[in-house]
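S.K.: Okay, sequence plus prediction incoming.
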Amino acid sequence: HKTVKIGPLVAILEKARIRANVVIGAGTIIGENVEVGEGTVLGSGVRLSNCRIGRECIIHQGVCIGQDGFGFHLDTVGGKHQKKPQMRSVLIGSNVEIGANTTVDRGSWRNTVIESGCKLDNLVQIGHNVRLRKGCVIAAQSGVAGSTTLGQRVLVGGQSGIGQHITLGDDVQVLAKSAVLRSVNSGGVGGRPALPVRDYHKTKALIKRMLTARMDPRPESESVV
């Protein structure tokens, strides 16, 4: 399209479709059959394959979208692990922002989907077959493992891990540095493994009291109340 702005050393492969007013940063590579929606901005060094991106998105420097997910048939005897086919795509809605050096894997048995309005920080990993519903926000250095679904407006604090094959309901909040290993229907969770926020804070307080008591050398009768 005539309104597209293309930086130096950009490669656009056959059958890629670039809509009006797209900005493409230096050194970006857009693979075959990729579609980039109107008004989307691609930073420098972006790698796009096997994906469709909606309107008015911002894809920052170094983002990789549409590469193979991590899946193998494990050989626990001979160690000759066989790669599972990764044949599906990544579908990204409109008004999505994806931070620098974030990676989004293509699907294996279903498409990886990031719906409109989602915001991903730098250094986030989205595994194959993951679905992020509208308005999810994920802070830096977090990962969502394969085939997991996050409901609408889910908020994930930094350095958190979301396990595979689970579901977080609408408006769930995950505290920073949490490990979510089971499905969560509602509310907030925190800790490793993640607990409901109230239980998490109670557990922290209990551990603190236990450590304080252990470090106090005085007999119990002499301890300060």
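M.R.: Cool, got the structure. Residues are numbered from 1 along each chain as shown.
S.K.: where does the chain have low pLDDT?
M.R.: Applying pLDDT under 70 to the chain flags the ranges 216-225.
S.K.: Tell me which stretches of it form helices.
M.R.: With DSSP state H as the criterion, the chain has helices at 197-215.
S.K.: Residue nearest the middle of it, spatially speaking?
M.R.: For the chain, Ile126 is the residue whose C-alpha lies nearest the centre (Cα atoms, centre = their mean; 3.7 Å).
S.K.: thinking it is in contact with Leu120, fair?
M.R.: Yes: applying Cβ atoms under 8 Å as the test, Ile126 and Leu120 come out as touching, 7.4 Å apart. Bear in mind the C-beta positions are built from the backbone N, C-alpha and C, glycine included.
S.K.: any residues in contact with both of those two?
M.R.: Thr102, Ile114 (Cβ atoms under 8 Å, 6 or more residues apart in numbering).
S.K.: Can you tell me how far the residue nearest to the centre of the chain is from Arg106?
M.R.: As judged by Cβ to Cβ, to the nearest Å, Ile126 and Arg106 stand 10 Å apart.
S.K.: intersection of neighbour lists for those two?
M.R.: What both Ile126 and Arg106 touch, as defined by Cβ under 8 Å, 6+ apart, is the set Thr112.
S.K.: Just to check, Val4 is in contact with Val22?
M.R.: Yes: the criterion here is Cβ under 8 Å, and Val4 meets it with Val22 at 4.9 Å.
S.K.: out of those two, which sits in the more crowded spot?
M.R.: Val22 (22 against 14; other Cβ atoms under 10 Å).
S.K.: Can you report how many residues neighbour His1?
M.R.: 10.
S.K.: how about the nearest residue to it, chain neighbours excluded?
M.R.: Among residues not flanking His1 along the chain, Ala20 sits closest, at 4.9 Å (Cβ to Cβ, 6 or more residues apart in numbering).
S.K.: you'd agree the one you found is up against Val4?
M.R.: Yes: contact criterion Cβ under 8 Å: Ala20 and Val4 qualify, at 7.3 Å.
S.K.: shouldn't Gly117 be in contact with Arg133?
M.R.: No: the criterion here is Cβ under 8 Å, and Gly117 misses it with Arg133 at 9.4 Å.
S.K.: Spit out the contact partners of Gly157.
M.R.: Contacts of Gly157 by Cβ under 8 Å, 6+ apart are Ala139, Ser142, Val174, Leu175, Ala176, Lys177, Ser178.
S.K.: Looking at Gly117 and Arg133, which is more packed in?
M.R.: Arg133 (21 against 18).
S.K.: Go ahead and confirm the more buried one touches Leu168.
M.R.: No: the criterion here is Cβ under 8 Å, and Arg133 misses it with Leu168 at 9.4 Å.
S.K.: Give the residues shared as contacts by those two.
M.R.: Applying Cβ under 8 Å, 6+ apart, one finds that Arg133 and Leu168 are jointly contacted by Thr149, Leu150, Gly151, Val154.
S.K.: Now do the same contact list for Glu35.
M.R.: By Cβ under 8 Å, 6+ apart, the neighbours of Glu35 are Ala16, Arg17, Arg19, Cys51, Arg52, Ile53.
S.K.: Can you select the buried ones from these in ChimeraX?
M.R.: Command for ChimeraX, covering only those of the contacts of Glu35 found buried under the criterion 16 or more other Cβ atoms under 10 Å:
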select :16,19,51,52,53
